[in-house]
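Student: What follows is a predicted protein model with its sequence.
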Amino acid sequence: MADVRLLGITQRYGEEVTLRLPDLELDWGQQVALLGPSGSGKTTLLHILAGLRLPSQGEVWVGGQDLTQLSEAQRDAYRRSTVGYLFQDFYLAEGYSALENVLLGLGVAGIRGRAAQGRAAEVLTQLGLGQRLGHAPRHLSTGERQRVALARAVAHRPRLLLADEPTAHLDRARATTALDLLTQTAASLRALLVVATHDPWVMARFPQQIELSSPPSAPVQEEAR
Ligand SMILES: Nc1ncnc2c1ncn2[C@@H]1O[C@H](COP(=O)(O)OP(=O)(O)OP(=O)(O)O)[C@@H](O)[C@H]1O
């Protein structure tokens, strides 16, 4: 049986939006692009896989447990131990250095003290930021900030690595580097990597793709008289 399965998922947002997501079967170690136009539900699907959101209906099986049947505390524990999430806007803590940002992430996963210090410095160094450990995010380039966010997402060695539009803020050269880092890091962790994108160029780099259909049409606005 597949390591990760989505079955019969729908997500309602208020009265207006009902998303029906395709059934999926994925395994640890797979790398897939998640495609679809704006509003088709890519971020929603990533949030459901991450345990950040419960679907309105359906089952979300990850490694033998159905996330929809877990308590909130159990889902928190799942997220901390199993999930690495690379947000589109990075969400780095501004008052903290690159190293401290990664330490904060490790702390959430329950890894603290000397072990955490060593792990954080090691991952940042592997990602080419060995000379930037003490820098605050505002003193880093966009590509460097993204690498700090990636280090924070992977330092606790998650099995499930989710990235939302990871190249949105980068030019082609930096986007190439970012995707290389993401895919190599996922491979070294034997993690399932799911990358949401609407960029055909990113999509073309992944042999496996999941395509979401167009979003429900927007309600027709009545013309003002
Ligand atoms: N918190 C929310 N409240 C109401 N509607 C929401 C909410 N989050 C998402 N939606 C709606 O659900 C649909 C899917 O949104 P989602 O962000 O998952 O799509 P997406 O494919 O990631 O879009 P994009 O490529 O623009 O980021 C959209 O119609 C969106 O407006």
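Tutor: Structure received.
Student: What segments of the protein are strands?
Tutor: With strands called from DSSP state E, the chain shows them at 4-13, 17-20, 24-26, 31-35, 57-62, 65-66, 83-86, 160-164, 192-197, 208-211.
Student: OK, contacts around the residue most central in space within the chain?
Tutor: Nearest to the geometric centre of the chain sits L162, at 2.5 Å (C-alpha atoms, centre = their mean). Contacts for L162 (C-beta atoms under 8 Å, 6 or more residues apart in numbering) come out as L46, L49, A50, V83, G84, Y85, L86, L193, V194, A196. Heads up, the C-betas are built off the backbone N, CA and C, glycines and all.
Student: Who does the nearest residue to the second one once chain neighbours are set aside form a beta bridge with?
Tutor: Right, L49. Computed as C-beta to C-beta, 6 or more residues apart in numbering, the closest residue to L49 that is not its neighbour in sequence is L162, at 6.1 Å. Beta-bridge pairing of L162 under DSSP bridges involves Y85, V194.
Student: how near is L162 to the ligand?
Tutor: For L162, the distance to the ligand (C-beta to the nearest ligand atom, to the nearest Å) stands at 12 Å.
Student: Mind listing what's buried along stretch 49-68?
Tutor: L49, A50, G51, R53, L54, P55, G58, V60, W61, V62, L67, T68 (16 or more other C-beta atoms under 10 Å).
Student: now do the same end-to-end measure for that stretch.
Tutor: End-to-end distance of stretch 49-68 (C-alpha to C-alpha, to the nearest Å): 11 Å.
Student: Identify all contacting residues around that stretch.
Tutor: For stretch 49-68, the surrounding residues in contact (C-beta under 8 Å, 6+ apart) are 3-12, 18, 21, 44, 47-48, 70, 75-76, 78-79, 82-83, 85, 159-160, 162, 194.
Student: same question, stretch 176-183
Tutor: By C-beta under 8 Å, 6+ apart, stretch 176-183 touches 31, 86, 127, 143, 146-147, 150, 161, 163, 166-167, 170, 193, 195, 202, 205.
Student: Now it: buried residues?
Tutor: For stretch 176-183, by 16+ other C-beta under 10 Å, it's T177, A178, L179, L181, L182, T183.
Student: Also stretch 183-201?
Tutor: For stretch 183-201, a neighbour-count test (16+ other C-beta under 10 Å) marks 183, 185-186, 189, 191-199 as buried.
Student: Most widely separated two among the residues you listed?
Tutor: L189 and H198 (25.8 Å; C-beta to C-beta).
Student: circling back to that earlier point, now, which of the contacts of L162 sits nearest the ligand?
Tutor: Closest approach between the contacts of L162 and the ligand, by C-beta to the nearest ligand atom: A196, at 6.3 Å.
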